[in-house]
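Asks: got a predicted model here, sequence first, then my questions.
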Amino acid sequence: MVGPNSVEAPSILLVSPSQPIVLSARAASRLARERRQLVKSLEQELSSLRVAVDADRGARWPSSRELGAWQKTATARLKALLGWPLVGGTPARVKSQWWQIGRDKDGDIRLGRFGVTGGYAAFTLLFLPRAQRPVPLVIAQHGGLGLVEMISGLGRSTTNYSDIVARLRRRDCAVLVPQLPMWNTSAEPACSLEKLDARLQLLGGSSPALQTLTLRRALDAALELPELRDTTVGLAGLSYGGCFGLYAAALDTRIKAVLSSCYFNDRHAYPLPPAVAAGAARSFLDAELGALICPRPLWLEVGDKDELFSPAGARVEAAKLRRLYHDVGEAGRFRLKVFPGTHEFNRADAGLDFLLRALHPKR
């Protein structure tokens, strides 16, 4: 009889040191059983922890009456959670510069360089319409494998961006297209979002902090231009662009309306490291970012055949926001649209209609 502290009879056959150790079937089965036990017990422990942190976060979910006060404290907590460079960054040493690089039937195309923090400088495209009257400015934000040329259709197909910049320009909008430090290796030098995020985490920062500040500084530079001094600002982003667009709008009330495509979801189901900071589940997942935007207009969409994200989690998280918008008396300012499509901007115009109704100045 083998007790709990007993040693079983050896079932490993030892051979010469230069040869692999041969396991008996009994030993191999035992190791496989231990691996299953390890995974099962770890999953149980993580599930228990998730229940605890979800309860902690849920206890902080704002009621309609306390939404304003919650947003004030939550904004500071979110910045602290995300870290550098939202917290601890230094003033930018690079001044904004603009160059006209093209013109077509819809207006001018400009390239801008702007400072973000310290010596770090990024760049953006800006499409200005020919109209002289005040026009809305929409930030069109590319995703994790994106380039400004791709989302804008400059010299290449827009692929899953579905001609979003051209569609906005045809609607008489100014369009700001910041290049965030994340793109695929088809452009040199490579700038991998996953590798960058690991380096930022080591230094006490996060990808959302850096990407969000880069986006906000692009907006600062654009709003300094005389043509955009009296504009209203919206944002439309795909995938990681929709992710960092939510962060940017949560922290910057200059962004008056948001269209986030193919990102919003149950973050436990899709725990993408570059999209969150350590400990985020205790305070801020996707629905909480939406609560920081409320009651500003917010359109969320996901494709029913999205190969990366199932609509199921989006529906669950969106239900929280739908109730919050309803309770503050602004139910018409929130939408979740599951559209027929894959991981792409919706080719139908309902989301753009929603966004631009919120932005067009009264005439």
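Replies: Now that the structure is in, tell me what you want to look at. Residues are numbered from 1 along each chain as shown.
Asks: so where is this protein shaky, pLDDT-wise?
Replies: 1-17, 185, 361-363 (pLDDT under 70).
Asks: can I take it that Gln100 is in a helix?
Replies: No - under DSSP: H, G, I helix; E, B strand; the rest coil, Gln100 sits outside any helix and is assigned strand.
Asks: what sits opposite it in the beta ladder?
Replies: Note on Gln100: beta-bridge partners by DSSP bridges are Arg110.
Asks: ok, the one 4 residues further on next?
Replies: On the basis of DSSP bridges, Asp104 takes part in beta bridges with Gly107.
Asks: look up how far Gly89 lies from it.
Replies: From Asp104 across to Gly89, the span is 37 Å (CB to CB, to the nearest Å). (Each C-beta comes from the backbone N, C-alpha and C, glycine too.)
Asks: more neighbours: the two, which one.
Replies: Taking other CB atoms under 10 Å, Asp104 and Gly89 do not tie; Gly89 has more neighbours (17 against 9).
Asks: ok, Gly89 touching Thr117?
Replies: Yes - between Gly89 and Thr117 there is a contact under CB atoms under 8 Å: 3.8 Å.
Asks: joint contacts of those two?
Replies: Listed as contacting both Gly89 and Thr117 by CB atoms under 8 Å, 6 or more residues apart in numbering are Leu213.
Asks: so which elements touch the helix or strand containing Arg199?
Replies: Element membership for Arg199, per DSSP states H and E: helix 193-202. The helices and strands touching helix 193-202, judged by 3 or more CB pairs under 8 Å, 6 or more residues apart in numbering; DSSP states H and E, are helix 207-223.
Asks: the helix it packs on vs helix 193-202, what angle?
Replies: If you take axes from the mean of the first three to the mean of the last three CA atoms, to 10 degrees, helix 207-223 sits at 100 degrees to helix 193-202.
Asks: tell me which element the residue nearest to Ala74 when sequence neighbours are not counted falls in.
Replies: Among residues not flanking Ala74 along the chain, Leu292 sits closest, at 6.0 Å (CB to CB, 6 or more residues apart in numbering). Under the criterion of DSSP H and E, Leu292 resides in helix 286-293.
Asks: roughly how far out does that helix sit from the chain middle?
Replies: In terms of CA atoms, centre = their mean, to the nearest Å, the centre of helix 286-293 is found 12 Å from the chain centre.
Asks: got the angle between the helix or strand just after it and helix 286-293?
Replies: The first helix or strand that comes after helix 286-293 along the chain, using DSSP H and E, is strand 298-303. Using the same axes, to 10 degrees, the direction of strand 298-303 lies 150 degrees away from that of helix 286-293.
Asks: for strand 298-303, which outside residues touch it?
Replies: Strand 298-303 is contacted from outside by 257-262, 264-265, 290, 309, 311, 314, 318, 321, 325, 333-344, 346, 351, 354-355, using CB under 8 Å, 6+ apart.
Asks: apply 7 Å and report the result again.
Replies: Contact partners of strand 298-303, identified using CB atoms under 7 Å, 6 or more residues apart in numbering, comprise 258-262, 264, 290, 309, 311, 314, 318, 333-339, 341-344, 346, 351, 354-355.
Asks: and for stretch 308-322?
Replies: For stretch 308-322, the surrounding residues in contact (CB under 7 Å, 6+ apart) are 262, 264-266, 269-270, 286-287, 290-291, 294, 300, 302, 304, 334, 336, 338, 343.
Asks: please spell out which residues along that stretch are buried.
Replies: Within stretch 308-322, the residues scored as buried using 16 or more other CB atoms under 10 Å are 309, 311, 313-314, 317-318, 320-322.
Asks: export the residues you listed to CSV and tack on distance to Pro274 and secondary structure?
Replies: Listed next are these as CSV, based on distance: CB to CB, whole Å; DSSP: H, G, I helix; E, B strand; the rest coil:
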residue, distance to Pro274, secondary structure
Phe309, 15, coil
Pro311, 22, helix
Gly313, 18, helix
Ala314, 19, helix
Glu317, 19, helix
Ala318, 22, helix
Lys320, 24, helix
Leu321, 23, helix
Arg322, 27, helix
